[in-house]
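Visitor: Predicted structure and sequence below. I'll ask about it afterward.
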Amino acid sequence: MQLDDLYRRVIMDHYKTPRNRGKFESGEAVTVDLNNPTCGDKISLQMQVEEGIVKNAKFTGEGCSISLSSASMMTDAVKGKTIEEALKMADDFSGLMKGDPVEFEYEDIEALSGVNKFPARIKCATLAWNALRKGIEHTHKTDN
Amino acid sequence: MITAEIRELFPILKQDVNGHPLVYLDSAATSQKPIQVIEALKHYYEWDNANVHRGVHTLGSRATDAYEGARAKVAKFINAASEQEIIFTRGTTTAINIVAASYAQSVLQEGDEIVLTPMEHHSNLIPWQQAAKKTGAILKYIPLQPDGSITIEDAEKTITDRTKIVSIVYVSNVLGVINPIKEIGQIAHKHGAKIMVDGAQSTPHMPVDVQDLDCDFYALSGHKMCGPTGIGALYGKKALLNNMEPVEFGGEMIDHVDLYESTWKELPWKFEGGTPMIAGAVGLGAAIDFLQEVGMDAIFKHDLELTNYALERMKGIEDLTVYGPLTNRAGLITFNLGDVHPHDVATVLDAEGVAIRAGHHCTQPLMRWLEVSSTARASFYLYNTEADVDRLVMALQKTKEYFGHAIG
């Protein structure tokens, strides 16, 4: 068990200085509150989606280094993407957690690949991505 | 006397985890099993396996004797007045659910009160929330002191003539606090209320005498006291259990069955519908034999000595916060290490072969009271040693260094 596989410098950097942490002061945003009932981690994800494009995303929440750094990376990565592209990224992230060799345009995410060696921590890493999926589902429902 | 030889009786502890000898400090979640319990399960399935109370053949008799023998051991272990007062359940959760579903719902009326504390495990909270919702009863909580303990004065203020049930944990699985069950029971009885005790964390670690406590109901889990998972017991005073309706209906709990009406067996079998966890009961019996051989006083003393040793050693770790009172406590320590999230603490410790718990420990209201989302917890049992504590402290120091380095 190599801890450095899990806690790579880039992960700790996102944990220490999370990107996109906060809430939108104004403007409409889809809000998804998700928690992990087994451990108490929480995320509140806000997404501004216009014409099928994720214009902006922010999050607040409590959690371990893995869950918060994952949220930081995810919110950065989805900005400017279409919802289809964002969903594809969420699928790719699931693959990464299974140990698939996936490449991301936003390379920092690949630092989380080591989590697959720590099965107990996969749910920490996927929390933000599950929130992303839920947010997109919500947008679809509103659009239709 | 607890000796190093006791550790030798636990095969699981003789392994390396992640390249280090295992230090198991999560016994409050589930304890490890001594060879005697493992052998009892093996022997049962190899030689005696049959259904109970049904077969007229030899194996049926052996299985029934083993199952009922285990019941007698549980009764003696907690000093019940009669074996009929011991109902085998899946564990503490099922035991509390039986009381909340059967006794509570038959006596509770709108406006009646159920008294709990904010330190209850979800298993001694949600069944009462449900009972309150169904009956219109009100949940009331004995408040916590700043150190997490409760006082008799507050119990006296909270329990009133409207109180029908007081349900309270004997030993908190987070704070380690030992609650004054006997005194609270006396207050409850003064008001005509009944007291139910969640004994999940007390039964494995200290002598328990339900007659001395004068509790009306008491729940325990086998797996936390060196026994198998999926077996536990509900103790109830005979007069109360006799007047209660079963919660599960079906095979083996019946007396006479007609097409439209049926009657139930006598205690305790009317509460044990279906084929019970026979091997589990046999294993629990073996666990009780083992614990009694070591001695519950000795186990309590050992756990406490280790906890005090750990508390002393952990004082040397900068930024370490320990929750719960420092006195009148049992063998577990709940803590947080500076800004390092407890999951991260647990993962780094795991890499060092040290198994601890991290999370909300099924006590979300208590976590909110502590103003944390989760905590880390090291819990001790009779197979733990000072060397285990030293490994814990060393691993915590490493965690600090690792995260200090990684974050800083």
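Guide: Happy to help now that I have it. Numbering: from 1, shown residues only, chains lettered A, B, ... in the order given.

Visitor: For the rest of this, base every contact and every neighbour count on C-alpha atoms.
Guide: OK.

Visitor: Just give the nearest non-adjacent residue to residue B:149, would you?
Guide: residue B:177 (6.3 Å; CA to CA, 6 or more residues apart in numbering or on different chains).

Visitor: Quick check, the one you found in contact with residue B:148.
Guide: Yes. Residue B:177 lies in contact with residue B:148 (CA atoms under 8 Å); the separation is 7.5 Å.

Visitor: circling back: the residue nearest to residue B:149 and chain A, how far apart?
Guide: Residue B:177 is 22 Å from chain A, where distance means CA to the nearest CA, to the nearest Å.

Visitor: and residue B:177 and residue B:148? which has more neighbours close in?
Guide: Set residue B:177 next to residue B:148 and count neighbours by other CA atoms under 10 Å in any protein chain shown: residue B:177 wins out with 25 against 20.

Visitor: quick one, phi/psi of that one?
Guide: Residue B:177 adopts backbone torsions of phi -70, psi 140, taken as degrees, to the nearest 10.

Visitor: number of nearby residues for the spatially closest residue to residue B:103 that is not a sequence neighbour?
Guide: Once flanking residues are discounted, residue B:103 sits nearest to residue B:244: 5.8 Å by CA to CA, 6+ apart. Residue B:244 is flanked by 18 other residues according to other CA under 10 Å.

Visitor: So residue B:244 versus residue B:129, what's the distance?
Guide: Distance of residue B:244 to residue B:129, given as CA to CA, to the nearest Å: 20 Å.

Visitor: domains in chain B, as residue ranges please.
Guide: Split into domains by automatic domain parsing, chain B comes to B:4-30+B:296-406, B:37-293.

Visitor: The ones you listed into CSV, with extra columns for distance to residue A:55 and mean pLDDT?
Guide: Shown next, in CSV, are the domains of chain B (distance: least, CA to CA, whole Å; pLDDT from 0 to 100):
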stretch, distance to residue A:55, mean pLDDT
domain B:4-30+B:296-406, 31, 94
domain B:37-293, 41, 97
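
Visitor: right, and the ones you listed - which one's nearest residue A:35?
Guide: domain B:4-30+B:296-406 (11.1 Å; CA to CA).

Visitor: if we can go back for a sec, overlap in contacts, residue B:177 and residue B:148.
Guide: With contacts defined as CA atoms under 8 Å, 6 or more residues apart in numbering or on different chains, the residues shared by residue B:177 and residue B:148 are B:324-325.

Visitor: For the spatially most central residue of chain B, which three-state class applies?
Guide: Nearest to the geometric centre of chain B sits residue B:200, at 1.1 Å (CA atoms, centre = their mean). Put simply, residue B:200 is coil when judged by DSSP: H, G, I helix; E, B strand; the rest coil.

Visitor: how about the nearest residue to it, chain neighbours excluded?
Guide: Counting by CA to CA, 6+ apart, residue B:220 is the residue found nearest to residue B:200 once chain neighbours are left out, at 4.8 Å.

Visitor: ok but the one you found is inside a strand, no?
Guide: Yes. Residue state for residue B:220 (three-state DSSP) corresponds to a strand.

Visitor: ok so, going back, how close does the residue nearest to residue B:149 get to residue B:78?
Guide: 20 Å.

Visitor: cool, residue A:91 as well?
Guide: Using CA to CA, one gets 54 Å for the distance from residue A:91 to residue B:78.

Visitor: So those two - more neighbours on which side?
Guide: The residue with more neighbours, out of residue A:91 and residue B:78, is residue B:78; 19 against 14, by other CA under 10 Å.

Visitor: is it true that that one touches residue B:208?
Guide: Yes. If you go by CA under 8 Å, residue B:78 and residue B:208 touch, sitting 5.1 Å apart.

Visitor: so where is chain A shaky, pLDDT-wise?
Guide: Across chain A, residues meeting the criterion (pLDDT under 70) sit at A:1, A:141-144.

Visitor: Which parts of it are strands?
Guide: Secondary structure of chain A (DSSP state E): strands at A:30-36, A:41-50, A:53-62.

Visitor: tell me the contacts of the spatially closest residue to residue B:107 that is not a sequence neighbour?
Guide: Distances taken as CA to CA, 6+ apart place residue B:164 nearest to residue B:107, at 7.7 Å, with adjacent residues excluded. Counting by CA under 8 Å, 6+ apart, residue B:164 touches B:107-108, B:112-114, B:192-194.

Visitor: circling back: does the residue nearest to residue B:200 really touch residue B:92, like I thought?
Guide: Yes. Applying CA under 8 Å as the test, residue B:220 and residue B:92 come out as touching, 4.8 Å apart.

Visitor: quick one: common contacting residues for these two?
Guide: Shared contacts of residue B:220 and residue B:92 (CA under 8 Å, 6+ apart): B:198-200, B:232-234.

Visitor: Look at the residue of the stretch 151-300 of chain B found nearest chain A and give its secondary structure.
Guide: Chain A sits closest to residue B:174 of the stretch 151-300 of chain B, with a gap of 14.4 Å, by CA to the nearest CA. At residue B:174 the chain is in coil, as set by three-state DSSP.

Visitor: and it, what is it in contact with?
Guide: Shown in contact with residue B:174 (CA under 8 Å, 6+ apart): B:119, B:323-324, B:332-334, B:361, B:363, B:377.

Visitor: Return the member of the residues you listed nearest to chain A.
Guide: Using CA to the nearest CA, residue B:361 comes nearest to chain A of the contacts of residue B:174, at 8.1 Å.

Visitor: how close does the residue lying closest to that closest one once chain neighbours are set aside sit to residue B:339?
Guide: Spatial nearest neighbour of residue B:361, excluding adjacent residues (CA to CA, 6+ apart): residue B:174 at 7.1 Å. To residue B:339, residue B:174 is 20 Å away according to CA to CA.
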